[in-house]
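A.B. asks: Requesting a structural model of the entry that follows:
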Amino acid sequence: MGIVKSIFQRDASGDDTGNEKQVLTVNRYPQYQISDPSPSTNAHIERLRAKANDHRQQYRDLSGRAKEAYETGYKAAAHTLSQQAHANKKDMEDANREAVDLLIQQQQESINQGEVDLHGFYVDEAIDCVRDVLNQHRQGDLSARHQLTIITGKGLHSTDGVAKIRPAVIGYLMKHKYTYTLSPGVITVDLQTDARPRPAGNEQECCVIC
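C.D. replies: Residues are numbered from 1 along each chain as shown. Below you'll find the model as predicted:
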């Protein structure tokens, strides 16, 4: 199930009209939970990302120890360490999923109006989000729009200044034959045609930014 479906299923009062669990109403991490989405939401997202990173490091450490224990014949210990590693992996995924829910909820109205901002997403999350928003628009579940504006940024804050989300999104749009145009930090998708995409815009700019 797509990452944004549970958000789109909620009605104006915040109630969930489907079977999806409302992440924001479940106090799974009381030491991190903030009761009302507000300007402090960004700080909450950062804490969730930090929590996920801690669990990722624990997962890697425990996985390595489990492998070492197994190779040296301590299979019972290896099994225990492996279980602990997978528990940390699940906690990592849960924290990241909650962060994504918050990122999407922040811009729900903008998404309804045909604009999605991918700042703060990891690459896989960004692709999932784009896929689900495009599907929602095509199915008519969101406000009728002729185009979707995807804000990818220029990758200036990426590792080594190399954009990751922008080329990944372009690759997804090409694979699924969307028509789109490029401009600095933005991709505009034509929702009226399924023709093979023909990027428009300055070709030199595309080479530098994509």
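A.B. asks: per-domain residue ranges of the protein.
C.D. replies: Per the record's domain assignment (automatic domain parsing), the chain is made up of the domains 19-106, 110-209.
A.B. asks: Now mean pLDDT and mean neighbour count too, for these, in CSV please.
C.D. replies: Quick note: C-beta positions are derived from backbone N, CA and C, even for glycine. Output for those, formatted as CSV (pLDDT from 0 to 100; neighbours: other Cβ atoms under 10 Å):
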stretch, mean pLDDT, mean neighbour count
domain 19-106, 82, 15
domain 110-209, 80, 16
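A.B. asks: now the helices for the chain?
C.D. replies: Counting by DSSP state H, the chain has helices at residues 5-8, 41-71, 75-106, 108-112, 123-138, 165-175, 203-209.
A.B. asks: Including distance to Arg145, could those helices go into a markdown table?
C.D. replies: Listed next are these as a markdown table, based on distance: least, Cβ to Cβ, whole Å:
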| stretch | distance to Arg145 |
| --- | --- |
| helix 5-8 | 14 |
| helix 41-71 | 26 |
| helix 75-106 | 17 |
| helix 108-112 | 9 |
| helix 123-138 | 6 |
| helix 165-175 | 16 |
| helix 203-209 | 24 |
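A.B. asks: For Lys154, which of those helices is the nearest?
C.D. replies: Nearest to Lys154 among these is helix 203-209 (5.5 Å), distances taken as Cβ to Cβ.
A.B. asks: Quick check: closest non-adjacent residue to His86.
C.D. replies: Spatially, and ignoring its direct neighbours in sequence, His86 is nearest to Tyr59 (7.7 Å; Cβ to Cβ, 6 or more residues apart in numbering).
A.B. asks: Quick check: the one you found touching Met92?
C.D. replies: Yes. Tyr59 lies in contact with Met92 (Cβ atoms under 8 Å); the separation is 6.3 Å.
A.B. asks: Enumerate every residue touching Ile151.
C.D. replies: Counting by Cβ atoms under 8 Å, 6 or more residues apart in numbering, Ile151 touches 115-119, 185-186.
A.B. asks: change it to 6 Å
C.D. replies: Residues near Ile151 by Cβ atoms under 6 Å, 6 or more residues apart in numbering: 117, 186.
A.B. asks: so what's it bridging to?
C.D. replies: Note on Ile151: beta-bridge partners by DSSP bridges are Asp117, Val186.
A.B. asks: one step back: Leu148: which of the helices of the chain is closest?
C.D. replies: helix 123-138 (6.1 Å).
A.B. asks: So which other helices or strands are in contact with the closest one?
C.D. replies: Secondary-structure packing of helix 123-138 (3 or more Cβ pairs under 6 Å, 6 or more residues apart in numbering; DSSP states H and E): helix 165-175.
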